[in-house]
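Novice: Turn this into a structure:
(2 chains)
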Amino acid sequence: MTSGQKKTLIRIIISLVTLVIAAIIPVDGYLRLAVFLVPYFVIGYDILWKAVRNILHGQVFDENFLMAIATVGAFVLGDYLEGSAVMIFYQIGELFQSVAVGKSRKSISSLMDIRPDYANLEKDGEIVESDPEEVSIGDIIVVKPGEKIPLDGVIIEGNTSVDTSALTGESVPRSLTEGDDVISGCINLSGVVRVRVTKEFGESTVAKILDLVENSSSKKAKAENFITKFARYYTPCVVIGAALLAVIPSLITGNWGEWVNRALIFLVISCPCALVISVPLSFFGGIGGASRCGILIKGGNYLETLARTEIVVFDKTGTLTKGVFNVTAIHPEIISEEKLIELAAYAEAYSTHPISRSIRDAFNAEIDKSRISEVKELSGRGVSAVIDGKQVYAGNDKLMDDIGVSWHPCHHTGTTVHVATDNTYAGHIVISDEVKPDSAEAVTALKNTGVKKTVMLTGDAKSVGESTAKQLGLDEVYMELLPDGKVEMVEKLLEEKSDKGRLVFVGDGINDAPVLSRADIGIAMGAVGSDAAIEAADVVLMDDKPSKIALAIDISRRTLSIVHQNIVFALAVKLAVLVLGALGLANMWAAVFADVGVSVIAIINAMRALKTGK
Amino acid sequence: MKKIYKLEDLDCANCAAKMEAAISKIDGVESAAVSFMTQKLTIEADESRLDEIMKKAAKICKKIEPDCKIIVK
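Specialist: I've put the predicted structure just below:
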């Protein structure tokens, strides 16, 4: 509790005690008024003061003012006990509310407790504790075990493992060694490392993420805007209702006391606080909870859209697949497997193509370049080279046709590299991109959350795309697409979906910025270290697991349902008490409950949004 | 251009909503958002007129919740 909250608590206790005393003392008339005014002023002086001050500022529908009128009204009507008690309970409710809001602020900010406080900067052989903002690119920093990595950089000395859970939600530590990139915001676990800084603090991952989460509350969801708008009309309407209720029936019946009392009940319920606090709090909690799982959602509006996901469109390479090419099959004809891969690796020794690189990786031995001569790159075909005096060709179907070697296709999907030596077919090697281990699970999970259609877009050849789609259980696949073809495809799918449904596009943030922005929601994954992706997408997955998408949808649905619960609950209670109050069936206690009691319950409910089932 | 200010002693959620509505209406302000949760004011406005706008915003804050201050760094 803060000191202000403690002070309020003491005032509540004093006023409760004096109220009991006032109720017991057998006095009458003005003396009785006087003893009840003691607890009233102890608990209500600040509200009365604010009411006067705000009315001077022209704030008529201020809650302090309304509370003041309601309680002063009770006193005027002679209900001294009620007047004081209502004020006390109002303050108790406010205290609860402020403690609850303070608690939730704290738990959300502790989630985002990734801001590094200092960097151990190496300066002239000494280590100086510096502000991360003052470290520049190229500086050397030392990170000890247990410390947060303050800036993005490259390890130049030492081995360690780092805990990335604050950024990615991944609990398994990542081991790093010299030459590896380190990301700010992770916690260094085991060893001391020297790191060369590659980004200034403002540009580093941790600053970007903090910025994004802090800004997320300025992009408001429709439900939030609705509540703000509603609040603007709600209070004046209830107050006008109260005025009418005080005057009209009284003129008819002549029973002023009764009807004014009922009107005062209206005033107590006239603050829309329960809604105004709990709705943004739920969104804030949902966004905070998601970020703990490594899902950054850039605003409440995206959370709302995400909850209505109907179609999920994936990019293939780097999203559903690892984006790393590996040799998946070696099929020799006349020679051994080792010999075939050796020949291919030697032939491709000088090529920088990713496919050549993966063949060399599969060969996994030193290449003696003195054995190679007359290397020729045959554009769109492959390569030719003379190895150990023999003419070797390595390349695609067309190359084999060109040199007149008979070849046969492979039953494996992927890119096939044929090898021929001295004009005889030596066999082929198949290279393909590997599907991520959780891709299939991701597609199933999306289906289970009620996503109607999962689609994959790829620039790859038909056979490759189809087999991946089948393997993962995707509904539709569109292949051989160029980047603008992907935009067109997404536009077509946007027309197919229902009015209420939304289309989500998931990509790795590279080359797909136009599609990311065309979709209702763009999700970029594997964003650690990729600025472009963080900029272009609406939702950023900090690691590269497609299974997080279903989790993100779950979190947003849950948050939305909490928001709806709160809206319905608060409005229903308020409306019920308004109606009962007008009929003379509810007293001021019920009104206080409908005001602050409902707020507290709604806040506690909103806090559930923070728990993301982890 | 977009700026973020901290709000000190913003105690009432409804006031935050009122401030947001009033600040959005200041001439030269493109958009304004007051977050009760983060206690922050995000304002998008014409940079050349920012000083004048912030003075008006401070006045609005004072009017709606007298204890609340905009911290201008």
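
Novice: How far does the lengthiest helix in chain A sit from its chain's centre?
Specialist: Ranked by residue count under DSSP state H, the longest helix found in chain A is helix A:548-582. With C-alpha atoms, centre = their mean, to the nearest Å as the basis, helix A:548-582 stands 20 Å off its chain's centre.

Novice: Counting neighbours, which bits of it end up buried?
Specialist: Neighbour counts using 16 or more other C-beta atoms under 10 Å in any protein chain shown place A:548-560, A:562-563, A:565-567, A:569-571, A:573-574, A:577-578, A:580-582 of helix A:548-582 among the buried residues. Using the backbone N, CA and C atoms, a C-beta is placed for each residue, glycine as well.

Novice: quick one, phi psi at A:I334?
Specialist: phi -120, psi -10 (degrees, to the nearest 10).

Novice: cool, A:P437 as well?
Specialist: phi -60, psi -30.

Novice: Let me see the ranges of the strands in the stretch 1-150 of chain A.
Specialist: Using DSSP state E, counting those that start in this stretch, the strands of the stretch 1-150 of chain A run over A:119-123, A:126-130, A:140-143.

Novice: ugh, wrong one, I meant chain B
Specialist: For chain B, the strands defined by DSSP state E cover B:2-8, B:29-35, B:40-45, B:69-71.

Novice: rewinding a little: check the offset of the next helix or strand after the longest helix of chain A from the chain's centre.
Specialist: Later in the chain than helix A:548-582, the nearest helix or strand by DSSP states H and E is helix A:588-592. How far helix A:588-592 lies from its chain's middle: 39 Å, per C-alpha atoms, centre = their mean.

Novice: go on, stretch B:59-73?
Specialist: 8 Å.

Novice: list the buried ones in it?
Specialist: For stretch B:59-73, by 16+ other C-beta under 10 Å, it's B:I60, B:C61, B:K63, B:I64, B:E65, B:C68, B:K69, B:I70.

Novice: sorry, back to before: now the strands of the stretch 1-150 of chain A in a markdown table, please, with extra columns for mean pLDDT, distance to A:S336 and mean neighbour count.
Specialist: Output for those, formatted as a markdown table (pLDDT from 0 to 100; distance: least, C-beta to C-beta, whole Å; neighbours: other C-beta atoms under 10 Å in any protein chain shown):
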| stretch | mean pLDDT | distance to A:S336 | mean neighbour count |
| --- | --- | --- | --- |
| strand A:119-123 | 90 | 53 | 19 |
| strand A:126-130 | 88 | 56 | 12 |
| strand A:140-143 | 92 | 48 | 21 |
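
Novice: and of these, who's closest to chain B?
Specialist: Comparing the strands of the stretch 1-150 of chain A by their distance to chain B (C-beta to the nearest C-beta), the top pick is strand A:126-130, with 20.9 Å.

Novice: Point out the other helices and strands that that closest one packs with.
Specialist: Strand A:126-130 sits against strand A:119-123, with contacts defined as 3 or more C-beta pairs under 8 Å, 6 or more residues apart in numbering or on different chains; DSSP states H and E.

Novice: what's the strand it packs on in contact with?
Specialist: With contacts defined as C-beta atoms under 8 Å, 6 or more residues apart in numbering or on different chains, strand A:119-123 is touched by A:127-132, A:134-135, A:139-144, A:147, A:150-151, A:194.

Novice: ok now that strand, how far from the chain's centre?
Specialist: On C-alpha atoms, centre = their mean, the centre of strand A:119-123 falls 33 Å from that of its chain.
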